[in-house]
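*Asks:* Only the shape, not the letters, is given here:
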Ligand code: PEP
């Protein structure tokens, strides 16, 4: 059985004060919430104070990126041991915004994934196609390449820690969600690729999230799909009420 995982990617939002206020209210709102793993991904400088507030609770912490070396002369970068040190359990890798604006490639995604795993950080690997690629009928090719390259050389012994987030780029921040059936088709395909790389048994335990304009009013229908194991949420994760409602999706 795969435990659903709902993660909020705050991107470049929330100061320390706003973040503390948010997680305090989220904890009150959710109480001792069980059955769904809840993750928040603040910006780097907000990680530590949020980690202090989350101590002893059930909400996990994720970073939005990581570097592929442990230490050294890499101005501006943050290493896996640093993220572990402040209490991160997850790290988002290869978000389409990092690929689009910061030169992230399948190769750098792969280096980061392997480095994160070697430090016991669970990578949330983002994949997804541009609108033009979808319109050309290239969705499956693009996603296959991103998954295969992202996981190249990953040891099967650590692979169960991986989460894959299918995020069609045309659905991110646009209000255009993939239909539950569209997302299911791609996510079932992704599970098949993971099965080919490792084994079908391992593919059955790896969680695959959907991301792209997930909101309180579409989460229930998305989560009904057999290969949608959770959501990576941008905009709707910034308000306690909408994020809490997404966490409490209706189980059908
Ligand atoms: C995201 O950036 O990962 C995302 C899915 O954003 P939004 O929910 O705002 O579409």
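*Replies:* Done, it's in. Predicted, not measured: the structure shown is a model, and the values here were computed from it.

*Asks:* Only C-alpha atoms from now on, for both contacts and neighbour counts.
*Replies:* Fine.

*Asks:* Would you tell me which residues of the stretch 151-252 of the chain are close to the ligand?
*Replies:* 171-173, 211-214, 232-235 (CA under 6 Å from any ligand atom).

*Asks:* For the residue nearest in space to the middle of the chain, which three-state class applies?
*Replies:* Central residue of the chain (CA atoms, centre = their mean): residue 124, 4.1 Å from the mean position. The assignment at residue 124 comes out as strand when based on DSSP: H, G, I helix; E, B strand; the rest coil.

*Asks:* same deal with the one 5 residues further on?
*Replies:* Secondary structure assignment for residue 129 (three-state DSSP): coil.

*Asks:* got the contact list for it?
*Replies:* If you count contacts by CA atoms under 8 Å, 6 or more residues apart in numbering, residue 129 has them with 138-139, 142-143, 167-170.

*Asks:* same thing but 10 Å
*Replies:* Residue 129 is in contact with 96, 135, 138-143, 146, 166-171, counting by CA atoms under 10 Å, 6 or more residues apart in numbering.

*Asks:* Can you flag the buried ones in the residues you listed?
*Replies:* Neighbour counting by 16 or more other CA atoms under 10 Å classes 96, 139-140, 142-143, 146, 166-171 among those as buried.

*Asks:* In helices, which of those residues appear?
*Replies:* Among the buried ones among the contacts of residue 129, DSSP state H puts 96, 139-140, 142-143, 146 in helices.

*Asks:* now the residues you listed in JSON lines, with pLDDT and distance to the ligand?
*Replies:* Formatted as JSON lines, those follow (pLDDT from 0 to 100; distance: CA to the nearest ligand atom, whole Å):
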{"residue": "96", "pLDDT": "97", "distance to the ligand": "8"}
{"residue": "139", "pLDDT": "97", "distance to the ligand": "17"}
{"residue": "140", "pLDDT": "98", "distance to the ligand": "19"}
{"residue": "142", "pLDDT": "98", "distance to the ligand": "18"}
{"residue": "143", "pLDDT": "98", "distance to the ligand": "16"}
{"residue": "146", "pLDDT": "98", "distance to the ligand": "16"}
